[in-house]
Structures are given as structure tokens and as C-alpha cells.
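**Q** Show me how the following folds:
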Amino acid sequence: MTASDQLDTAWLSSLGDLSLVAKSVVEGFMSGLHRSPFLGYSTEFASYRQYIQGDNLKHVDWKVWGRTDELYVKQFEDDTNLRGHIFLDASGSMNFGEPNKFAYARLLAAALACLMSRQHDAPGLTTFGGERVETLPPRSHRNQIDDLLILLANSKADGETIARPELLQVVETMTRRGIAVVISDLFGTGDDLLEVLRKLRLQRQEVLLFHIVSPEEMDFDLGGEFLMEDSESGEVIPVHAASFRQEYLKRIEQFCGATATTCDKLEIDYRRLRTDQPLEDALTFYFEERMAM
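**A** Here you go, the predicted structure:
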């Protein structure tokens, strides 16, 4: 299944389709890791937890089952719960491009949440855009993925990218060390998003930033004259594409470079993702960072 096929399905889908596509992406990704040194479990035992449907039966403690008639899974050091909070930019600028940035970002968020759950981590989600900040705190609960996917399925991309007080309050509640994944095109007002990233680091979060860009934004393969409208502010400017292309490409690379430099100073892992890239690239990046912790 290509990235475009995945996105078309997700963009037109109901909640059930979003869940199905996201889980199929994760299954395909995990099957490609069968020979990876990241797979397998530490030999250092940590604790037990109750069996969850889909757990590998080889980690079930059958002696405990024989005594209690309950299924428990041995949990090892690299399999202990970690809080993974996903921050999804749902502002108007995300509703752009082919494949669409918000469709890509929403499916990425769903796939990451499914991967976190599969790793027995506690996924959470916050969407922000315009006047809206909606959040589902991280938790290890059997209904968490369903609740998270419902929030994703109902999310829309509109309004300005503003770090509202409600968003900063969510960050301030993150007192337990974990991973914060920020998914955004970074088209915001001033340093609002930078402030969110700084606060996440102050809260002792390992921060992964996925910078979502469309092929149109990165290649600017256009000709003729256009009236270009800012999807968040509504500002309109006339553009002669051919004469402006070189300057535009220079500016967009400067912007991406400056963002990467800032992230490096803040010890934030930065990854730019074009919407025509396979989602597996993002999952690999997350998985390697997760294992490194």
C-alpha cells in the first residue's frame, strides 16, 4: 500500500477505516523489523502485568496461570510503560497539499498511538488549532486507543496556530518523564510553537518533532501568476511563480535549517517529513528513539 493510497483512505474514511489503516501500517512496519536487533526482550525481569489480547504467548507465565487461572505476561526492563504524548497541529495551514498534510499527520498520529500501545506504552493526544485545544491524557487502558482514534476522527484543520493557555497547561501537567511527539507544519504566529517545545523540554520530555511539508511547498513547481492566500490569516498576495521560485526555495530551506538548528540547541530530535514519504520512515525514527531511551 503506497502513502497516497493510505492517505486517500484515511481522508475519506470513518473512524473504523482510520483504525484499520493505522493498524495495518503498524503491522507492516513491525513485520519488517523481525530481523531487527531492536526486537526481543531484555533478560532483566521487571514485573508482571495482565495479558492483553495480541500479546506474544511466549511471554505468558504459565506457572502463574496454573496457580491462579489468570493470564499474566512477564514484563522486562525494555517493556515497561512509558508515557507517549502526541501533539497534533490542527490549524488551517495543515489543510493543504497533495497528499494533504493533515490527512498524513492524522494517520501518522494514529499509527504512532497504535505503535505505543503495542509497545505497552501509554499513548495520549492533544490537538490544537484556532480556538480549540482538545486533549486525552496518556494512560494504559484497554479503551484508550479507541478514545484516541475517536478524537482524531473528529478533528478538523482550521484556524490559526496559536499556543493558547490551555495548550501550555497541558504541557505543565506532564510531570512524569516520557516522550512528546509534536506533529506540525510549523506555520505559526511568532515563536508560539517554539515556546511549546521549550516547555516540553523543561518538563523533562524527550521531544520528537515531525515537521510535515507537502511536495508543493518544498518544490514550488508552479508557473504563471497567482493570488496566494494565507489559509490561517486570510491575507492575499499576488505572486509570479517563475520569478519568485528561486527566492522562495532559498527561504524555505533557510527556515527548515534554522528550525533544525534551534531543535539541536534544545536537544530536540527533528525530522522533516514530506507527505509523499512512506509513513514507515516516521515510525522507524520514533522506534529507534524509543529504544534508545
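
**Q** Please tell me how far Tyr127 sits from Gln50.
**A** Check again: residue 127 is Thr, not Tyr. Remark: distance between Thr127 and Gln50 (C-beta to C-beta, to the nearest Å) = 30 Å. All C-beta atoms are positioned from the backbone trio N, CA, C, and that covers glycine.

**Q** mind listing the strands for this protein?
**A** 45-50, 72-76, 83-89, 122-129, 132-136, 178-184, 205-213, 225-229, 236-240, 269-274 (DSSP state E).

**Q** so which of the ones you listed gets nearest Ala103?
**A** Ala103 sits nearest to strand 205-213 of all the strands of the chain, at 10.4 Å, using C-beta to C-beta.

**Q** On the pLDDT front, check Val44 for me.
**A** For residue 44 the amino acid is Glu, not Val. Looking at Glu44, its pLDDT is 48.

**Q** ditto for Val60
**A** Val60 is assigned a pLDDT of 83 by the prediction.

**Q** Then the one 10 residues further on?
**A** What the model reports for Glu70 is a pLDDT of 82.

**Q** Relative to Gln144, how far out is it?
**A** Here Glu70 is placed at a distance of 22 Å from Gln144 (C-beta to C-beta).

**Q** Who has more neighbours out of the two?
**A** The neighbour comparison of Glu70 against Gln144 (other C-beta atoms under 10 Å) goes to Gln144, with 20 against 10.

**Q** Could you list which residues are in contact with the closest residue to the more buried one other than its chain neighbours?
**A** Counting by C-beta to C-beta, 6 or more residues apart in numbering, Pro123 is the residue found nearest to Gln144 once chain neighbours are left out, at 6.4 Å. By C-beta atoms under 8 Å, 6 or more residues apart in numbering, Pro123 lies in contact with Gly84, His85, Ile86, Leu112, Ala113, Met116, Ser117, Pro138, Gln144, Ile145, Leu148.

**Q** just checking, the third one touches Asp121?
**A** Looking back up the chat, that one is Ile86. No. Under the criterion of C-beta atoms under 8 Å, Ile86 makes no contact with Asp121, lying 11.3 Å away.

**Q** Between those two, which has more neighbouring residues?
**A** Ranked by neighbour count (other C-beta under 10 Å), Ile86 and Asp121 place Ile86 first, with 27 against 21.

**Q** a markdown table please, covering the contacts of Pro123 and showing distance to Ser19 and pLDDT.
**A** A markdown table is the format used below for these (distance: C-beta to C-beta, whole Å; pLDDT from 0 to 100):
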| residue | distance to Ser19 | pLDDT |
| --- | --- | --- |
| Gly84 | 18 | 95 |
| His85 | 20 | 98 |
| Ile86 | 15 | 98 |
| Leu112 | 14 | 96 |
| Ala113 | 10 | 96 |
| Met116 | 15 | 92 |
| Ser117 | 12 | 90 |
| Pro138 | 19 | 95 |
| Gln144 | 13 | 94 |
| Ile145 | 8 | 94 |
| Leu148 | 10 | 96 |
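
**Q** Looking at these, which one is closest to Arg198?
**A** Using C-beta to C-beta, His85 is the member of those that sits closest to Arg198, with 15.8 Å.

**Q** Next one: the residue nearest to that closest one when sequence neighbours are not counted from Ile252, what distance?
**A** Leaving aside its sequence neighbours, His85 sits nearest to Gly124 (C-beta to C-beta, 6+ apart; 4.3 Å). Distance of Gly124 to Ile252, computed by C-beta to C-beta: 32 Å.

**Q** neighbour count winner among the two?
**A** Taking other C-beta under 10 Å, Gly124 and Ile252 do not tie; Gly124 has more neighbours (23 against 15).

**Q** surely that one meets Leu136?
**A** Yes. If you go by C-beta under 8 Å, Gly124 and Leu136 touch, sitting 5.7 Å apart.

**Q** coming back round to it: farthest pair in the contacts of Pro123?
**A** His85 and Ile145 (14.5 Å).

**Q** Those two: who's more crowded?
**A** It is His85, of His85 and Ile145, that has more neighbours when counted by other C-beta under 10 Å, with 26 against 19.

**Q** and the more buried one, what does it touch?
**A** Contacts of His85 (C-beta under 8 Å, 6+ apart): Pro123, Gly124, Leu125, Thr126, Pro138, Met174, Gly178, Ile179, Ala180, Val181, Gln205.

**Q** hmm, try it at 10 Å
**A** By C-beta atoms under 10 Å, 6 or more residues apart in numbering, His85 lies in contact with 116, 122-126, 135-138, 170-171, 173-174, 178-182, 200, 203, 205.
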